[in-house]
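Novice: starting from these lines, generate the structure:
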Amino acid sequence: MDYQFVTVTYESNLAIVEINAPPANTLSTKCITELRTTTKDLANREDIHGLIITGSGRFFSAGADIKEFTPALGDTQKGLALSKAGQSLCNEIEAMQKPVIAAINGPALGGGMELAMACHFRIASESAVLGLPELKLGLIPSFGGTQRLSRITNTATAIDLILTGKQVTSKEAQELGITQVTIPAEDLLPTTLTIANSFVEGKSMTSVKRAIECVMKGSNERLEDGLDRESKQFAELFLTTDAKEGIQAFVEKRTPQFKQS
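Specialist: Next comes the predicted model:
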């Protein structure tokens with residue numbers, strides 16, 4: 001399928017989803033719709049084991065398309081629709097049962113930072129900056145930023161970054177736990193591909209999917225509920241051919257040949 005704002009390329013079992021909406025890769029309603037369609041399609045493809053989300057050109061994403069805000073002034077339903085569209089995209093990415101890595105190649109601001117925070121792992125170029133400047137517009141982050149930032153860091157850090165609207169460098173973001181790796185710009189994609197491959201290569205996607213589900217759902221629920229899910233998922237894996245193969249390969253000291261079932 002041809003898209004106007006999204007480009008997809010492939011490296012083995014990995015899909016690279018590039019936001020291509022120059023000059024700043026703003027997340028217009030149409031761009032969000034294309035991203036949702038693209039990621040849903042890739043989530044359902046058995047040959048795709050992981051996703052990398054990045055931006056074309058100089059920006060990762062400068063966030064929502066501010067021009068779309070003007071028609072929503074004085075209309076709470078239009079404002080709600082703008083927020084829910086961005087939240088739906090981020091929620092779907094976070095809920096994906098394949099590793100999704102944000103390769104933050106440049107500024108990730110507002111909705112762009114919120115999109116990155118919805119990914120399971122974040123790698124940033126040394127030239128990247130991150131920030132949530134919505135309060136300077138008389139608004140608040142609305143793609144999940146008020147919730148995810150406090151969960152990724154802590155409430156005090158979330159209050160600081162959201163209320164000041166300040167931008168942090170990629171290194172500062174790593175120190176705060178928002179990103180996990182900081183890398184020179186020229187090494188961003190090769191390093192991201194290496195890390196993405198390390199998440200899925202030689203693994204059974206049956207167990208990868210269940211591990212991601214346990215971690216992501218468990219981060220937003222009581223410990224007891226998370227432990228219960230973990231035990232059930234662990235037990236159900238004993239019914240799979242991949243668990244049988246993995247255990248037998250370990251005993252026989254050979255490389256397992258997983259069937260992804």
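Novice: so residue 78, which state does it fall into?
Specialist: Under DSSP: H, G, I helix; E, B strand; the rest coil, the three-state class of residue 78 is helix.
Novice: residue contacts, it?
Specialist: 71-72 (C-beta atoms under 8 Å, 6 or more residues apart in numbering). (Glycine included, C-beta is placed from N, CA and C.)
Novice: list the helices and strands the helix or strand that contains residue 249 packs on?
Specialist: Using DSSP states H and E, residue 249 maps to helix 241-251. Contacts defined by 3 or more C-beta pairs under 8 Å, 6 or more residues apart in numbering; DSSP states H and E place helix 241-251 against helix 205-218.
Novice: pull out the buried residues from whichever helix or strand comes after the helix it packs on.
Specialist: Sequence order places helix 223-237 as the next helix or strand after helix 205-218, per DSSP H and E. Neighbour-count burial for helix 223-237, counted by 16 or more other C-beta atoms under 10 Å, picks out 226, 229-230, 237.
Novice: likewise for stretch 17-36?
Specialist: Buried residues in stretch 17-36 (16+ other C-beta under 10 Å): 17-21, 24-28, 31-36.
Novice: residue 205: which of these is nearest?
Specialist: Distance to residue 205, by C-beta to C-beta, is smallest for residue 17 among the buried residues of stretch 17-36, at 18.5 Å.
Novice: quick one: the closest one from residue 74, how far?
Specialist: 35 Å (C-beta to C-beta, to the nearest Å).
Novice: the nearest residue to residue 220 once chain neighbours are set aside - how many residues pack around it?
Specialist: Excluding its sequence neighbours, the residue lying closest to residue 220 (C-beta to C-beta, 6 or more residues apart in numbering) is residue 151, at 7.4 Å. Residues lying near residue 151 (other C-beta atoms under 10 Å) number 13.
Novice: make sure residue 151 is indeed in a helix.
Specialist: Yes - per three-state DSSP, residue 151 lies within a helix segment.
Novice: can you give me the pLDDT of it?
Specialist: pLDDT recorded at residue 151 is 95.
Novice: surely it meets residue 216?
Specialist: No - taking C-beta atoms under 8 Å as the definition, residue 151 is not a contact partner of residue 216, at 10.8 Å.
Novice: tally of neighbours for residue 50?
Specialist: 26.
Novice: can you tell me how far it is from residue 12?
Specialist: Per C-beta to C-beta, residue 50 is found 10 Å from residue 12.
Novice: do the same with residue 103
Specialist: Computed as C-beta to C-beta, the residue 103 to residue 12 distance reads 16 Å.
Novice: look at the two and report which has more neighbours.
Specialist: residue 103 (29 against 14).
Novice: a helix runs through that one, doesn't it?
Specialist: No - the assignment for residue 103 (three-state DSSP) gives strand, which keeps it out of a helix.
Novice: check contacts around it.
Specialist: So residue 103 contacts 52-54, 123, 188-189, 192 (C-beta under 8 Å, 6+ apart).
Novice: can you check residue 43 too?
Specialist: 92, 96-98.
Novice: do residue 161 as well
Specialist: Residues near residue 161 by C-beta under 8 Å, 6+ apart: 131-132, 149, 168.
Novice: one more time with 6 Å, if that's ok
Specialist: Neighbouring residues of residue 161 by C-beta atoms under 6 Å, 6 or more residues apart in numbering: residue 132.
Novice: pLDDT score for residue 261?
Specialist: So residue 261 comes in at 68 (pLDDT).
Novice: quote the end-to-end distance of stretch 95-112.
Specialist: 18 Å (C-alpha to C-alpha, to the nearest Å).
Novice: same question, stretch 178-186
Specialist: This stretch, stretch 178-186, spans 21 Å end to end (C-alpha to C-alpha).
Novice: show me which positions of that stretch end up buried.
Specialist: 178-179, 181-183.
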